[in-house]
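Novice: let's see this in three dimensions:
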Amino acid sequence: MSVDNKNIIDFVSIDKDDNAVLTISDHLEWDKENEHLLILQDKINIYLGAIESGELYEKYPNAKNKHIIISVALLHEPNTDGKIFLEKVKVTIEQAGYGFKFKQYSMGDESDESK
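Specialist: Reported below is the predicted structural model:
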C-alpha cells in the first residue's frame with residue numbers, strides 16, 4: 001500500500017481525539033517534472049471521492065460520524081513545488097470541512113505526529 005497504488009486507502013485509524021485518520025504512505029522522491037506531485041494529487045482525490053461517495057463508511061464503519069483527517073506520511077522532504085502544493089491542498093481540504101496534515105519521516109522514525 002502506497003501513494004502509487006491509487007485505488008486503495010493505505011491506512012485508516014482512529015486517533016486519540018476520536019478523528020478518523022486516512023493515511024497516505026508516500027515513499028516517492030520529489031522530482032523536477034512534478035510527476036510525484038501528480039501521483040499524490042490523484043491519491044488525495046481518490047480519498048476525497050471515497051469520503052464523498054460513502055465508500056469509506058461502507059468499508060470502514062468505525063469512521064462514521066468522525067471528523068475525517070487526511071494525513072500524508074512522506075519519506076522524502078518535499079521540494080519547493082511540493083511544499084506549495086501541500087499547503088494549498090491543506091487549505092482546500094480544510095475549507096471542505098476535513099482535516100489535512102503531512103509530515104516527513106526518516107526511515108525508522110517512530111516519533112509522535114503532533115503537528
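
Novice: wait, is residue 84 part of a helix?
Specialist: Yes: checked against DSSP: H, G, I helix; E, B strand; the rest coil, residue 84 lies within a helix.

Novice: what does the model give it for pLDDT?
Specialist: pLDDT recorded at residue 84 is 96.

Novice: kindly report the same for the one 3 residues further on.
Specialist: Among the per-residue scores, residue 87 holds a pLDDT of 96.

Novice: let's verify it: helix, strand, or coil?
Specialist: Following three-state DSSP, residue 87 is assigned to helix.

Novice: tally of neighbours for it?
Specialist: 13 (other Cβ atoms under 10 Å). In this view, the C-beta of every residue, glycine as well, is placed from N, C-alpha and C.

Novice: how near is it to residue 81?
Specialist: 11 Å (Cβ to Cβ, to the nearest Å).

Novice: give me the residues contacting stretch 4-22.
Specialist: With Cβ atoms under 8 Å, 6 or more residues apart in numbering as the test, stretch 4-22 has contacts from 1-3, 23-25, 28, 39, 42-43, 46-47, 50-51, 56, 59-60, 62-63, 66-71, 99.

Novice: take these and keep only those in helices.
Specialist: Judged by DSSP state H, the subset of these located in helices is 39, 42, 43, 46, 47, 50, 51, 56, 59.

Novice: any idea how far stretch 85-104 is from the chain center?
Specialist: How far stretch 85-104 lies from its chain's middle: 9 Å, per Cα atoms, centre = their mean, to the nearest Å.
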